[in-house]
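J.: Here is a sequence with its predicted model. Questions after.
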Amino acid sequence: MTAAIFQGRRRRAAAAAGVVALGLVALSACDKPTPLATVTVGSTTVTSEAACYEGGDAIANDKLPACFKSEGKTVKASMEDKVRFGVDPKIADEGWTLFINGQPAEQEPNKKTFRTIPASAFFSSGQGAMVKNTQVSIVEASSGKALGIWNFTLEKTS
């Protein structure tokens, strides 16, 4: 009778060791997730991983156009809404700036984890006409080099 008990213990111990080994193999195959960026309008929040991110290293200049063209998640906003941008503290530590349709919208990087901007700022073109959609990119930057790009589309509601 005791032999059966020991065999059961051995099987359970072997099974547990196998599960642990399988778990370690699965974890080693995973990529480390990128820091997250968030856009909130009213009660709608959209969170995204980076379109381009090199683990804290600069993104090659020849890759930047494709990074900005990568489609991001869409958030709807009216002209009266406020758009709240939030970034992971890792992004804020380096500094980040907003790009509108692939062009820089700010001179100096921001070092805060969040900021709020009126939605109306994103829906007027340079000639005074209103646009329906605007791509807004959060760009993590250090020493003039892009370290990460997160894309979102703001869609104007009536």
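T.: Noted; the coordinates are in hand. Not measured: the values here are computed from a predicted model.
J.: from here on, contacts and neighbour counts on C-alpha atoms
T.: Fine.
J.: Adjacent strands (with direction) for the host helix or strand of Asn151?
T.: Using DSSP states H and E, Asn151 sits in strand 145-156. Take DSSP bridges as the rule and strand 145-156 pairs in its sheet with strand 52-53 (antiparallel), strand 73-77 (parallel), strand 133-142 (antiparallel).
J.: what sits up against that strand?
T.: With contacts defined as Cα atoms under 8 Å, 6 or more residues apart in numbering, strand 145-156 is touched by 37, 39, 48-59, 67-68, 70-79, 122-123, 131-141.
J.: Which residue ranges make up each domain of the protein?
T.: 1-30, 37-156 (automatic domain parsing).
J.: can you redo those as CSV with mean neighbour count?
T.: Formatted as CSV, the domains of the chain follow (neighbours: other Cα atoms under 10 Å):
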stretch, mean neighbour count
domain 1-30, 11
domain 37-156, 17
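J.: least reliable of these going by mean pLDDT?
T.: Note on the domains of the chain: lowest mean pLDDT is at domain 1-30, with a mean of 54.
J.: how much space between the residue nearest in space to the middle of the chain and Lys73?
T.: Geometric centre of the chain, nearest residue: Glu49, 3.0 Å, by Cα atoms, centre = their mean. Look at Glu49 and Lys73: by Cα to Cα, to the nearest Å, they are 10 Å apart.
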